[in-house]
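> what follows is a predicted protein model with its sequence.
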Amino acid sequence: MDPIDIAVVGAGPCGIAVGAAAKKANMSALLFDKGCVGASIVNYPYYMRFFSTADRLEIAGIPWAIPEKNPSRQEALVYYRSVAEHFALDVRQYETVESITGSKGSFLLRSRRMSGREQEYEAKTIVMATGGFHAPNMLEVPGEDLPKVLHYYKEPYPFYDQDVLVVGGSNSAVEASLEMFRNGVRVTMVHFLDKLDNGVKSWVVPDISNRLEQGEIKVHWKHRVAEVTPETVVLRHEETGKLLELKNDWVVALTGWRPNPTLLYDLGVNVDPETGIPAHDPVSMETNVPGVHIAGVLAAGNNANKIFIENGKAHGGQIVEALVGQN
């Protein structure tokens with residue numbers, strides 16, 4: 001079997017954009033994902049709507065026409081799947097790339113399917129598009145391993161008539177708090193700053209501000225979680241160190257996620273220990289290891305709010321253009 005021109009690890013929107021750009025340039029591409037197509041979007045809350053408008057989230061020149069200005073999670077899943085189908089991309093769903101060895105022009109990928117069957121593939125170029133949602137940023141406090149502590153949120157119904165502490169001040173924390181409040185949940189927010197994050201959607205700010213001002217959703221600014229117990233949660237004030245214990249049934253810690261750089265490390269890619277950003281050329285997206293490129297939010301390291309679909313989608317074209325220029 002001839003080597004694949006580009007092996008893409010990750011079949012989210014930015015990985016699909018790489019595959020589409022390759023197809024446009026008559027290059028062979030194979031996409032791998034440990035989950036399904038658009039797995040990161042599948043894990044978004046059911047209610048979620050994108051901050052960006054549909055036109056800014058389009059990839060590969062495929063128009064996205066929807067009735068609303070901001071697409072929903074469901075609409076995004078349909079759209080990105082349709083792009084993959086349009087370009088007849090070869091996507092190996094539920095196939096985890098376990099190792100990559102070799103060098104530019106001759107990389108060897110070893111993968112494992114859900115069945116346990118192992119596969120090997122040869123590729124000339126590697127593109128890592130694994131996203132930034134490998135593992136949550138942990139609270140690192142006693143009691144975090146209790147089953148009442150969750151690092152994700154999908155819907156409010158399991159929390160009806162319960163005391164829920166939402167940790168964070170981001171869009172996800174705000175929207176989860178509002179939805180739970182409107183579905184019979186007693187919600188308290190805690191944030192280490194004295195205000196919500198600057199990136200909270202402008203049309204949501206008046207709603208959450210009113211709920212907080214009226215005490216319908218309680219909030220503890222400049223506090224962090226210090227400990228979680230089976231029936232309570234302990235908060236610590238950032239400045240005074242004073243402790244506050246609250247009655248509590250659930251802790252929903254929406255504190256962000258981080259990428260998994262293991263394959264990059266194994267290939268010899270330099271990753272900044274503080275920012276988590278892999279060393280790379282911002283034009284070709286090639287790392288310090290020839291033939292190994294990155295695409296999408298992975299290029300933002302630990303700051304997932306720096307790169308989104310709307311700017312990460314351009315990486316596919318940049319990578320392919322650089323490869324065509326080398327030939």
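Yes, it's here. Bear in mind the structure is a predicted one, so any value in this text is a computation, not a measurement.
> use CA for all of it now, contacts and neighbours both
OK.
> what helices or strands is the one helix or strand in the chain whose mean pLDDT sits lowest leaning on?
Between all helices and strands in the chain, the lowest mean by mean pLDDT, DSSP states H and E belongs to strand 257-258, at a mean of 81. Applying 3 or more CA pairs under 8 Å, 6 or more residues apart in numbering; DSSP states H and E, one finds that strand 257-258 contacts strand 135-136.
> so what's Tyr44 up against?
Arg73, Tyr153, Lys154 (CA atoms under 8 Å, 6 or more residues apart in numbering).
> cross-check the contact I'm expecting between the first one and Tyr46.
Yes: between Arg73 and Tyr46 there is a contact under CA atoms under 8 Å: 6.8 Å.
> of those two, which one has the most company?
Arg73 (19 against 14; other CA atoms under 10 Å).
> give the full set of residues in contact with the more buried one.
Ile41, Val42, Tyr44, Pro45, Tyr46, Tyr47, Met48, Arg49, Phe50.
> so which one among those has the lowest pLDDT?
Note: of the contacts of Arg73, the lowest pLDDT belongs to Tyr47, at 74.
> how many neighbouring residues does that one have?
By the criterion of other CA under 10 Å, Tyr47 has 13 neighbours.
> pretty sure it sits against Pro71.
No: taking contacts as CA under 8 Å, Tyr47 lies outside contact range of Pro71: 10.9 Å.
> which residues does Val164 bridge with?
Counting by DSSP bridges, Val164 forms beta bridges with Val187, Trp250.
> next step: the contacts of Tyr44 restricted to helices.
Arg73 (DSSP state H).
> sheet partners, orientation included, of the least confident helix or strand of the chain?
Strand 257-258 pairs in its sheet with strand 135-136 (antiparallel), by DSSP bridges.
> next SSE after the strand it pairs with?
Going down the chain from strand 135-136, the next helix or strand is strand 149-150, by DSSP states H and E.
> and the contacts of the strand or helix carrying Leu30?
Using DSSP H and E, Leu30 sits in strand 29-32. Residues outside strand 29-32 that contact it (CA under 8 Å, 6+ apart) are 4-11, 15-16, 19, 22-23, 89-97.
> hey, which strand is longest across this protein?
In the chain, taking DSSP state E as the definition, the longest strand is strand 118-128.
> and it, which strands flank it?
The strands beside strand 118-128 in its sheet (DSSP bridges) come out as strand 4-9 (parallel), strand 106-113 (antiparallel), strand 292-294 (parallel).
> tabulate the CA atom coordinates of that strand in CSV.
Coordinates of each C-alpha in strand 118-128 appear next as CSV, following Å, rounded to 0.1, in the frame of the first residue of the first chain:
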residue,chain,number,x,y,z
GLU,A,118,-4.4,-3.3,15.7
GLN,A,119,-3.5,-1.6,12.4
GLU,A,120,-0.5,0.0,10.8
TYR,A,121,-0.3,2.8,8.3
GLU,A,122,2.5,4.6,6.5
ALA,A,123,2.2,8.4,5.9
LYS,A,124,4.5,11.1,4.5
THR,A,125,3.1,13.8,6.7
ILE,A,126,1.5,13.9,10.1
VAL,A,127,-1.1,16.5,11.2
MET,A,128,-2.1,16.5,14.9
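> returning to that earlier point: can you redo the strands paired with strand 118-128 as JSON lines with distance to Glu144 and mean neighbour count?
Listed next are the strands paired with strand 118-128 as JSON lines, based on distance: least, CA to CA, whole Å; neighbours: other CA atoms under 10 Å:
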{"stretch": "strand 4-9", "distance to Glu144": "31", "mean neighbour count": "24"}
{"stretch": "strand 106-113", "distance to Glu144": "32", "mean neighbour count": "18"}
{"stretch": "strand 292-294", "distance to Glu144": "33", "mean neighbour count": "27"}
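> give me the element the spatially most central residue of the chain is part of.
In the chain, the C-alpha nearest the mean C-alpha coordinate belongs to Phe133, at 3.8 Å (CA atoms, centre = their mean). Phe133 is located outside every helix and strand, with elements delineated by DSSP H and E.
> ok, it - contacts?
Ser40, Trp257, Arg258, Pro259.
> of these, closest to Leu193?
When those are ranked by distance to Leu193 (CA to CA), Trp257 comes first, at 18.7 Å.
> does the closest one touch Leu139 like I think?
No: between Trp257 and Leu139 there is no contact under CA under 8 Å: 11.6 Å.
> sketch out the low-pLDDT regions of this structure for me.
304-305, 327 (pLDDT under 70).
> could you chop it up by domain?
What automatic domain parsing lists as the domains of the chain is 4-134+257-326, 138-253.
> and the gap between His237 and Val269?
Here the distance between His237 and Val269 works out to 40 Å (CA to CA, to the nearest Å).
> same check on Thr229?
Applying CA to CA to Thr229 and Val269 gives a distance of 41 Å.
> before we move on, what about Ile66?
Counting by CA to CA, the gap from Ile66 to Val269 is 40 Å.
> which residues touch Tyr121?
By CA under 8 Å, 6+ apart, the residues touching Tyr121 are Pro3, Ile4, Leu108, Leu109, Arg110.
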